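Participant: The following block contains a protein sequence and its predicted model.
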Amino acid sequence: SRAPECVSIEIAGFCEPARGVGGDYYDFISFDNSQLGLAIADVAGKGMPAALLMSTVQATLRSLTARNGTPASYELSSIVSKLNRLLFNTTNGEHYVTFFYATFDQKTQILTYVNAGHNPPLYLQDAASEFRQLTSGGLVAGAFEHAAYEQETVQMKPNDLLFLYTDGLSEALNVEGEEFGSDRIMDTLKAIASLSADQIRDVVARRVKEWCAGMSLYDDLTFVVMKVKEI
């Protein structure tokens with residue numbers, strides 16, 4: 001419900017369901033050793049059925065991370081593999097979830113992540129002009145029982161920006177039927193990258209709402225902004 005207070009990063013999230021309840025989800029998991037977990041996910045489908053399955057995703061992730069201890073003591077790829085198997089056994093492979101999970105070490109500023117078929121988060125280094133998309137991982141979760149996943153580490157630095165989002169943002173439609181699109185997301189972020197995480201969240205939310213003026217939301221709108229603080 002609220003972003004944690006962190007020493008080395010700013011973080012902000014936004015979620016607006018299209019139908020009162022939805023199948024989008026983001027989460028922050030604080031560990032005792034300056035590690036922070038970040039998750040974002042999108043269940044295929046809408047409304048109450050998607051929301052119920054997403055509650056299972058949240059409970060499963062919380063249970064797996066609590067059972068395995070701090071991030072330094074386990075492989076994120078193993079966590080996602082277990083999550084995938086549990087979801088498959090719950091739904092018999094009839095439903096799936098796009099899922100991204102990462103941990104950030106506030107001491108080393110290293111991000112470790114696994115992307116299970118989710119929209120690639122956008123990573124913008126402070127001195128860079130182009131985004132890097134975080135794609136390492138594997139298939140969507142819940143569709144195939146024995147799907148394999150890989151993880152990747154990224155060395156972040158002060159003022160670096162990470163933007164996680166669901167396809168409700170990139171596929172938001174205006175009255176002419178045109179999607180907001182990933183290019184427009186990146187152009188917006190480049191223009192406001194110097195702002196705080198809260199300000200970036202507010203600007204992105206305002207711009208997509210302006211884009212959708214006159215249209216009702218077709219899909220849940222969810223995104224997370226993470227920015228490494230200047231030390």
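Facilitator: Received, thanks.
Participant: Tell me how far the residue lying closest to E130 once chain neighbours are set aside lies from T188.
Facilitator: Among residues not flanking E130 along the chain, L124 sits closest, at 8.0 Å (C-beta to C-beta, 6 or more residues apart in numbering). To be clear about C-beta, it is placed using only N, CA and C from the backbone, and glycine gets the same treatment. Per C-beta to C-beta, to the nearest Å, L124 is found 12 Å from T188.
Participant: Likewise for L111?
Facilitator: Taking C-beta to C-beta, one finds L111 at 22 Å from T188.
Participant: Now do the strands in this structure.
Facilitator: Secondary structure of the chain (DSSP state E): strands at 9-16, 24-30, 35-43, 97-105, 110-116, 122-124, 132-133, 137-138, 152-155, 161-165, 221-228.
Participant: Identify the single longest helix in the chain, thanks.
Facilitator: Selection of the longest helix in the chain by residue count, based on DSSP state H, yields helix 47-68.
Participant: So E75 sits against Y149, correct?
Facilitator: No: checked against C-beta atoms under 8 Å, the pair E75 and Y149 is beyond contact range at 9.3 Å.
Participant: out of the two, which sits in the more crowded spot?
Facilitator: Remark: of E75 and Y149, Y149 carries more neighbours, 23 against 15, as counted by other C-beta atoms under 10 Å.
Participant: quick one: G142 from Q151, how far?
Facilitator: G142 sits 19 Å away from Q151, going by C-beta to C-beta.
Participant: actually L53, sorry about that
Facilitator: From L53 across to Q151, the span is 24 Å (C-beta to C-beta).
Participant: which residue is nearest the centroid of this structure?
Facilitator: The residue lying closest to the centre of the chain (C-alpha atoms, centre = their mean) is I40, at 3.1 Å.
Participant: Of G142 and Q151, give the one with the bigger neighbour count.
Facilitator: G142 (31 against 20).
Participant: tally of neighbours for the closest residue to the more buried one other than its chain neighbours?
Facilitator: The shortest distance from G142 to any non-neighbouring residue, by C-beta to C-beta, 6+ apart, is to L87 (3.4 Å). Using other C-beta under 10 Å, L87 has 25 other residues around it.
Participant: show me the contacts for L87.
Facilitator: By C-beta atoms under 8 Å, 6 or more residues apart in numbering, the contact set of L87 is L53, T56, V57, T60, H95, Y96, V97, A141, G142.
Participant: The fourth one: what's it in contact with?
Facilitator: This means T60. L83, L86, L87.
Participant: what comes up buried for the helix or strand of the chain with the lowest mean pLDDT?
Facilitator: Scoring the helices and strands of the chain by mean pLDDT, DSSP states H and E places helix 47-68 at the bottom, with a mean of 85. By 16 or more other C-beta atoms under 10 Å, the buried positions in helix 47-68 come out as A50, A51, L53, M54, T56, V57, T60, L61, L64, T65.
Participant: pull the CA atoms of that helix into PDB?
Facilitator: C-alpha atoms of helix 47-68 as PDB (Å, rounded to 0.1, in the frame of the first residue of the first chain):
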ATOM      1  CA  GLY A  47     -12.000  -8.700 -13.300                       C
ATOM      2  CA  MET A  48     -12.600 -11.000 -10.300                       C
ATOM      3  CA  PRO A  49     -11.100 -14.200 -11.700                       C
ATOM      4  CA  ALA A  50      -7.800 -12.400 -12.500                       C
ATOM      5  CA  ALA A  51      -7.800 -10.700  -9.100                       C
ATOM      6  CA  LEU A  52      -8.200 -14.000  -7.300                       C
ATOM      7  CA  LEU A  53      -5.400 -15.600  -9.200                       C
ATOM      8  CA  MET A  54      -3.200 -12.600  -8.600                       C
ATOM      9  CA  SER A  55      -3.800 -12.900  -4.800                       C
ATOM     10  CA  THR A  56      -2.400 -16.400  -5.100                       C
ATOM     11  CA  VAL A  57       0.700 -15.000  -6.900                       C
ATOM     12  CA  GLN A  58       1.200 -12.500  -4.100                       C
ATOM     13  CA  ALA A  59       0.700 -15.000  -1.300                       C
ATOM     14  CA  THR A  60       3.000 -17.500  -3.000                       C
ATOM     15  CA  LEU A  61       5.800 -15.000  -3.600                       C
ATOM     16  CA  ARG A  62       5.600 -13.800   0.000                       C
ATOM     17  CA  SER A  63       5.700 -17.400   1.200                       C
ATOM     18  CA  LEU A  64       8.600 -18.400  -1.000                       C
ATOM     19  CA  THR A  65      10.800 -15.400  -0.100                       C
ATOM     20  CA  ALA A  66      10.000 -15.800   3.600                       C
ATOM     21  CA  ARG A  67      10.800 -19.500   3.600                       C
ATOM     22  CA  ASN A  68      14.100 -19.100   1.700                       C
END
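Participant: Right, I'll call it a day here.
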